[in-house]
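1. Any chance you can model this:
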Amino acid sequence: MQNGTRLAAVDLGSNSFRLEIGRFDDGQIHHTEYLKETVRQGNGLDANRNLTPEAMQRGWECLARFGERLAGFKKNQVRAVATQTLREANNRDEFLSRAHQILGFPIDVIAGREEARLIYQGVAHLLPQSTERRLVIDIGGRSTEMILGCGLEAKNMESWRVGSVAWSMKYFPDGLLSTRAFNSAEIAAKAVLDEAIQTFGSPHWDTAYGSSGTVGAVSDVLAAAGWPADVVTRDGLDWLLERLVKAQSVDRLKMEGMKDDRRAVIGGGVSVLRAVFDLLDIDTLHTAQGALRHGALYDLLDREETQTDLRSRTVRGLTRKFHVDLAHAERVSRIACQLLGMTHQGSGEELQRFQQKVDWAAQLHEIGSHISHNEPHKHGAYILHNADAPGFALPELHRLSLLVLGHRGKLRKLDADFGDNVFVQQLLALRLAVIFCHARREPDLKGLRLTMEGNHFFLTCRTGWGDAFPQSAYLLREESLVWEKTLSALTIKDA
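-> Below is the predicted model of the structure:
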């Protein structure tokens, strides 16, 4: 990436949406602009876990303002990620479809552990490099993430569905701040988080850091009251609890250092934070400057380099775990990428991106065979749909699982959009590559051409190829019949 390139990250959190803009110089990203709006989408989930129209509208209006600021940015310069509220929302596709159009960039809903990984990257990149064992905690609106790591490497990551918005709605529904409500909220938080003790307890780290949201808000209030800056202590939390209970309600709460948008969720946030202090035996929690949005920015740099792209490393790890025949996978990948290149009509940069996804699908298309040779494509898709896959967003992983599921057999089993030309080209390229490599040796494809006219694909083979390779020719004829039942068509012909 060239020095001076602008990069941006959008964090669609449960309480706030944030936009961070930075400039890349000599391997570092330097902050240039930061925008934050309190959207409270986490408050907008109804009893059926659907976002209300009002919550969606608040989100769209915020993203419209962010989108105006991002005018002129290229696709590879922006990463937008959504967290727990949109992980939970049953109608998230309705929100995201319009949100994508408004923002002008795709929005990735990320899994909890992926959120944790990006949080750690954001925190670690803004801390001095050292060999200390770090615990990083982020209490968001509807989830809490914990990470153990050293340097820039996150070693253990976890996410729980407990956060400041969710706990405030449940235990402080009328904004009343009583001792009884705090006790109930802390006990409930401990019940959810107590499994963290074994992995994230005090013997496993040297220094504890708190990122963003609740920790930052509590630290600001304590500092304004004369407590040490940039840390949260156990004594400070006790003092703050006393002040909150004395105020009796959020409407009467007036504390220096506390922003208006934080008052409504401070009860839930403090309850969860106190539970974390008790469970993990924390005395001092240092306030970190880095957060999820910073991790998303550095992840953009990682994705620019194929060799260091975490997603590629994740794919390689899965091939090892499920004992993939690497020589065969590489063969299928190379041919699938060649075929995709014959039909792609966009830029070379786009082609490279699309070929990368086909390569991953080819590398993983046989992972289900480790479970059973009976319908391995279905087992492979299930593995991918449920795997912990660092670096991948949930929609990205779903699309990869669809390619693996669809690499063989009938296509009606796919819950996919066959009007998506890119997906259809990727799927066809992968299926044809699997057919050509069915004998698990290098196929003779001299003179072969794959072209596309609208939704119609034409595979042209040299004269006599079908007679020389009758089994392959038979499989291709069967393949053309499969595509007749979709919006596309495949015609096999001789040169």
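2. quick one: residue 404 from residue 369, how far?
-> Counting by CB to CB, to the nearest Å, the gap from residue 404 to residue 369 is 11 Å. The way it works is simple: take the backbone N, C-alpha and C, and place the C-beta from them, glycine included.
3. which residues are common contacts for these two?
-> By the contact definition CB atoms under 8 Å, 6 or more residues apart in numbering, residue 404 and residue 369 are jointly contacted by residue 380.
4. which of the two has more neighbours?
-> For residue 404 versus residue 369, neighbours defined as other CB atoms under 10 Å are more numerous around residue 404 (29 against 17).
5. What is the one helix or strand residue 338 maps to packed up against?
-> Counting by DSSP states H and E, the element that carries residue 338 is helix 326-343. Where contact means 3 or more CB pairs under 8 Å, 6 or more residues apart in numbering; DSSP states H and E, helix 326-343 is packed against helix 348-364, helix 421-436, strand 449-453.
6. Please compute how far the second one lies from its chain's middle.
-> Using CA atoms, centre = their mean, to the nearest Å, the distance from the centre of helix 421-436 to the centre of the chain it belongs to is 25 Å.
7. got the contact list for the residue lying closest to residue 139 once chain neighbours are set aside?
-> Leaving out its chain neighbours, the residue that sits closest to residue 139 by CB to CB, 6 or more residues apart in numbering is residue 214, at 4.0 Å. Residues near residue 214 by CB under 8 Å, 6+ apart: 139-140, 164, 265, 269-270, 272-273.
8. let's see 7 Å
-> Residues in contact with residue 214 (CB atoms under 7 Å, 6 or more residues apart in numbering) are 139, 164, 269, 272-273.
9. Only C-alpha atoms, please: export the strand or helix carrying it in CSV.
-> Using DSSP H and E, the element containing residue 214 is helix 213-224. Extracted as CSV, the C-alpha positions of helix 213-224 are listed here (Å, rounded to 0.1, in the frame of the first residue of the first chain):
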residue,chain,number,x,y,z
GLY,A,213,-17.4,1.8,25.7
THR,A,214,-18.1,1.2,29.3
VAL,A,215,-14.4,1.2,30.4
GLY,A,216,-13.7,4.5,28.8
ALA,A,217,-16.8,6.1,30.2
VAL,A,218,-16.1,4.9,33.8
SER,A,219,-12.4,6.0,33.5
ASP,A,220,-13.5,9.5,32.4
VAL,A,221,-15.8,9.9,35.4
LEU,A,222,-13.2,8.7,37.8
ALA,A,223,-10.5,11.0,36.4
ALA,A,224,-12.9,14.0,36.6
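10. quick check: mean pLDDT across that helix?
-> With pLDDT averaged residue by residue, helix 213-224 scores 95.
11. repeat for stretch 461-477
-> Per-region confidence: stretch 461-477 scores 93 on mean pLDDT.
12. what element comes up after the least confident helix or strand in the chain by mean pLDDT heading to the C-terminus?
-> The helix or strand of the chain with the lowest confidence, counting by mean pLDDT, DSSP states H and E, is helix 260-263 at a mean of 89. Downstream of helix 260-263, the first helix or strand assigned by DSSP H and E is helix 266-280.
13. got the angle for that following helix vs helix 213-224?
-> For the pair helix 266-280 and helix 213-224, the angle between their directions (axes from the mean of the first three to the mean of the last three CA atoms, to 10 degrees) equals 100 degrees.
14. other SSEs contacting helix 266-280?
-> Contact here means 3 or more CB pairs under 7 Å, 6 or more residues apart in numbering; DSSP states H and E; on that basis helix 266-280 packs against strand 133-139, helix 164-171, helix 179-193, helix 196-200, helix 213-224, helix 234-247.
15. Direction included, what does the first one pair against?
-> By that I understand strand 133-139. In the sheet, strand 133-139 lines up against strand 144-150 (antiparallel), strand 207-211 (parallel) (DSSP bridges).
16. Residue 400: which of the ones you listed is closest?
-> Closest approach to residue 400 among those is made by strand 144-150 (23.8 Å; CB to CB).
17. Could you pull out the buried residues of the next helix or strand after the closest one?
-> Of the helices and strands lying after strand 144-150 in sequence (DSSP H and E), the nearest is strand 153-160. Within strand 153-160, the residues that qualify as buried by neighbour count (16 or more other CB atoms under 10 Å) are 154, 156-160.
18. Kindly present these as TSV, with separate columns for pLDDT and distance to residue 385.
-> Supplementary listing: the buried residues of strand 153-160 in TSV, determined by pLDDT from 0 to 100; distance: CB to CB, whole Å:
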residue	pLDDT	distance to residue 385
154	95	23
156	97	23
157	97	19
158	97	20
159	97	18
160	97	22
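19. Nearest to residue 190, out of the residues you listed: which one, please.
-> Residue 190 has its nearest neighbour among the buried residues of strand 153-160 in residue 160, at 11.2 Å by CB to CB.
20. ok, the closest residue in space to that closest one that isn't next to it in sequence - contacts?
-> Counting by CB to CB, 6+ apart, residue 144 is the residue found nearest to residue 160 once chain neighbours are left out, at 5.1 Å. Contact partners of residue 144, counting by CB under 7 Å, 6+ apart, are 138, 160, 162-163, 193, 272.
21. Tell me which two of these sit farthest apart.
-> The most distant members of the contacts of residue 144, if one measures by CB to CB, are 138 and 193, lying 13.1 Å apart.
22. So between those two, which is more surrounded?
-> Between residue 138 and residue 193, counted using other CB under 10 Å, the more crowded position is residue 138 (30 against 21).
23. Could you double-check that that one lies in contact with residue 209?
-> No: counting by CB atoms under 7 Å, residue 209 is not a contact partner of residue 138; they are 9.4 Å apart.
24. Would you map the strands across the stretch 351-495 of the chain?
-> Listed in chain order, the strands found in the stretch 351-495 of the chain under DSSP state E, counting those that start in this stretch are 449-453, 456-461, 489-494.
25. could you dump those strands to TSV with distance to residue 384 and mean neighbour count?
-> Converted to TSV, the strands of the stretch 351-495 of the chain look like this (distance: least, CB to CB, whole Å; neighbours: other CB atoms under 10 Å):
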stretch	distance to residue 384	mean neighbour count
strand 449-453	26	14
strand 456-461	26	18
strand 489-494	26	14
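26. Quickly find the element holding the closest residue in space to residue 21 that isn't next to it in sequence.
-> Excluding the flanking residues, the one nearest residue 21 by CB to CB, 6+ apart is residue 33, at 4.1 Å. When elements are defined using DSSP H and E, residue 33 is found to belong to strand 28-38.
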